[in-house]
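*Asks:* here's my sequence, what's the structure:
(chains A, B and C)
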Amino acid sequence: MRIEKRLAELGLVLPDRMQLPPGAQLPFPWVRVHGSRAFVSGHGPLNPDGSLAAPLGKVGDQVSPEQAYEAARLTGLAMLASLRRELGDLDRVTAWLRVFGMVNAAPGFVAMPSVINGFSDLILRVWGEPAGSHARSAVGLAELPFNLPVEIEAEVALRP
Amino acid sequence: MRIEKRLAELGLVLPDRMQLPPGAQLPFPWVRVHGSRAFVSGHGPLNPDGSLAAPLGKVGDQVSPEQAYEAARLTGLAMLASLRRELGDLDRVTAWLRVFGMVNAAPGFVAMPSVINGFSDLILRVWGEPAGSHARSAVGLAELPFNLPVEIEAEVALRP
Amino acid sequence: MRIEKRLAELGLVLPDRMQLPPGAQLPFPWVRVHGSRAFVSGHGPLNPDGSLAAPLGKVGDQVSPEQAYEAARLTGLAMLASLRRELGDLDRVTAWLRVFGMVNAAPGFVAMPSVINGFSDLILRVWGEPAGSHARSAVGLAELPFNLPVEIEAEVALRP
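*Replies:* Below you'll find the model as predicted:
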């Protein structure tokens, strides 16, 4: 349980399963495992109880760049929680491969990379290199579900 | 031909190959097969004859949420048509892995998940679980080609 | 060195490593290799010296469709430069699989496919078919980092 130890060392606590906003139906799993690969659905930032973490809205307007960095970090913790629930043991994640970081960008806000660094910095701090190293894009979407400031999807490699 | 039987049971008919709008040149295949994986290019909703299905435009403005759900379902049928043409037999698709659902979102429209459920519900109805289960993101794009209301790309696993 | 020969035949020169704009920190590699797969991070158009290629901004407004086609072509050259640095030999890329083309679209600009053809045409010219053939989406983002007119990510297959 190397990764669990590392999370404890860093004082990181993973949130509960996402509490869906009223009326939302998401007919798909948060993690889809296939052989030695896992595809991770788009995640957003959660509070420890699984509710959506405030502030919601557009980065560069209702959400500051610093708040958005923190939202990306919380999105990472939510993703780790989903991976742990699905895999049992986070040590099964042997390599991060692809990260697609989506920022709910107010018109003219272009510092998406600094925002998504909240996610990348977390993954690198927990897994280290080379396992935590990942290809990445960080781009500005027109709208995100539930007014999330940040949504991130990923692909990781698994120990079978 | 288990999937063909299932399509017939559900009364689903797959559209003809997409009729490109005048002047459009798309120098890529709708499906790229590589070993036991197939990458599916971004598809949009088609009429049975392969023309773009109306209404086009922004969801939450020219296109209602209900029309957009139907567009996502038609996008799924167009994708199945492309997979059938490429693979010969849809039974070769043994697992849906990743679905990236893009909605042409009017400002303030954030119910992207309900829209892309039109696609996910179709895939689950045809393939069932676990084969039809897929990781997913459903997000709002600023613009989509040809004013499509919905565009979806995917990755699936194949029986070799 | 078949691909190097082909680049020389076509008179194509790959740019230097990207010069990061002041203050930018990108804690991820441009290419993530895992076994026989390589995931390529989102790239933008570069000048030969690695600086961002002008014009920057929105396609359909500050950037014309023709300039955006050229930006997509330059993005392809930047990606080939990253792959060469990572792999040593571009002949190791045996198949292009998935291309995700993102255009910084001005409101109402929907000719994203014609723009991203600048990338696809290049890849096909260099690798030919079937190796250069790829699944693709070409869509309009609300904002791109550094006001890039085009950003493209990809996945390719490698000879081990």
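
*Asks:* how close does residue A:11 sit to residue A:126?
*Replies:* The spacing between residue A:11 and residue A:126, counted by CB to CB, to the nearest Å, is 12 Å. Glycine gets a C-beta too; all of them are placed from N, C-alpha and C.

*Asks:* who has more neighbours out of the two?
*Replies:* More neighbours surround residue A:126 than the other of residue A:11 and residue A:126, with 22 against 6 (other CB atoms under 10 Å in any protein chain shown).

*Asks:* how about that one, what does it touch?
*Replies:* Residues counted as contacts of residue A:126 (CB atoms under 8 Å, 6 or more residues apart in numbering or on different chains) are A:3, A:6, A:7, A:10, A:12, A:80, A:132.

*Asks:* got a PyMOL select line for the buried ones in these?
*Replies:* Under the burial definition 16 or more other CB atoms under 10 Å in any protein chain shown, those of those that qualify are selected in PyMOL by:
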select buried, chain A and resi 3+6+7+80+132
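
*Asks:* show me where chain A has strands.
*Replies:* Under the criterion DSSP state E, chain A contains strands at A:31-34, A:37-43, A:93-104, A:135-141, A:150-158.

*Asks:* any buried residues in stretch A:55-69, and which?
*Replies:* So for stretch A:55-69, counting by 16+ other CB under 10 Å, buried means A:55, A:56, A:57, A:58, A:59, A:60, A:63, A:65, A:67, A:68, A:69.

*Asks:* just stretch A:125-143 next, same as before
*Replies:* For stretch A:125-143, burial by neighbour count (16+ other CB under 10 Å) applies to A:125-127, A:131-143.

*Asks:* which of those residues sits closest to residue C:28?
*Replies:* Nearest to residue C:28 among the buried residues of stretch A:125-143, counting by CB to CB, is residue A:136 at 4.4 Å.

*Asks:* tell me the spacing between that closest one and residue B:34.
*Replies:* For residue A:136, the distance to residue B:34 - CB to CB - is 22 Å.

*Asks:* in contact with residue A:143, which residues are there?
*Replies:* Residue A:143 makes contact with A:104, B:103, B:105, B:107, B:108, B:109, B:110, B:112, B:139, B:140, according to CB under 8 Å, 6+ apart.

*Asks:* what's the closest of these to residue A:22?
*Replies:* residue B:110 (13.7 Å).

*Asks:* number of nearby residues for the closest one?
*Replies:* Neighbour count for residue B:110, taken as other CB under 10 Å: 19.

*Asks:* wait, it sits on residue B:138?
*Replies:* No - with contacts counted by CB atoms under 8 Å, residue B:110 stays clear of residue B:138, the gap being 10.3 Å.

*Asks:* for residue A:33, which non-adjacent residue is spatially closest?
*Replies:* Nearest in space to residue A:33, with sequence neighbours left out and distances taken as CB to CB, 6 or more residues apart in numbering or on different chains, is residue A:86 at 6.4 Å.

*Asks:* check contacts around that neighbour.
*Replies:* Residue A:86 touches A:29, A:30, A:31, A:33, A:38, counting by CB under 8 Å, 6+ apart.

*Asks:* what about the first one, neighbour count?
*Replies:* Going back to what we said before, that points to residue A:29. Other residues near residue A:29 come to 19 when the count uses other CB under 10 Å.

*Asks:* tell me if I'm right that it and residue A:39 touch.
*Replies:* No - with contact defined as CB under 8 Å, residue A:29 does not reach residue A:39; the gap is 9.3 Å.

*Asks:* now for the two: what residues contact both?
*Replies:* Common contact partners of residue A:29 and residue A:39 (CB under 8 Å, 6+ apart): B:134, B:135.

*Asks:* most neighbours, which of the contacts of residue A:143?
*Replies:* Ranking the contacts of residue A:143 using other CB under 10 Å puts residue B:103 first, with 34 neighbours.

*Asks:* looking at the buried residues of stretch A:125-143, which is nearest chain B?
*Replies:* The closest of the buried residues of stretch A:125-143 to chain B turns out to be residue A:143 (CB to the nearest CB; 3.0 Å).

*Asks:* ok so, going back, residue B:19: which of the strands of chain A is closest?
*Replies:* Ranking these by their distance to residue B:19 (criterion: CB to CB) puts strand A:135-141 first, at 29.5 Å.

*Asks:* does chain C have contacts with that closest one?
*Replies:* Yes - using CB under 8 Å from any CB of the partner chain, strand A:135-141 comes into contact with chain C via A:135, A:136, A:137, A:138, A:139, A:140, A:141.

*Asks:* closest to residue C:120 out of the contacts of residue A:143?
*Replies:* For the contacts of residue A:143, the residue nearest residue C:120 by CB to CB is residue B:139; the value is 23.3 Å.

*Asks:* what does chain A put close to chain B?
*Replies:* Within chain A, the positions adjacent to chain B are A:24-32, A:34, A:37, A:39-42, A:100, A:102, A:141-147, A:151, A:153, A:155 by CB under 8 Å from any CB.
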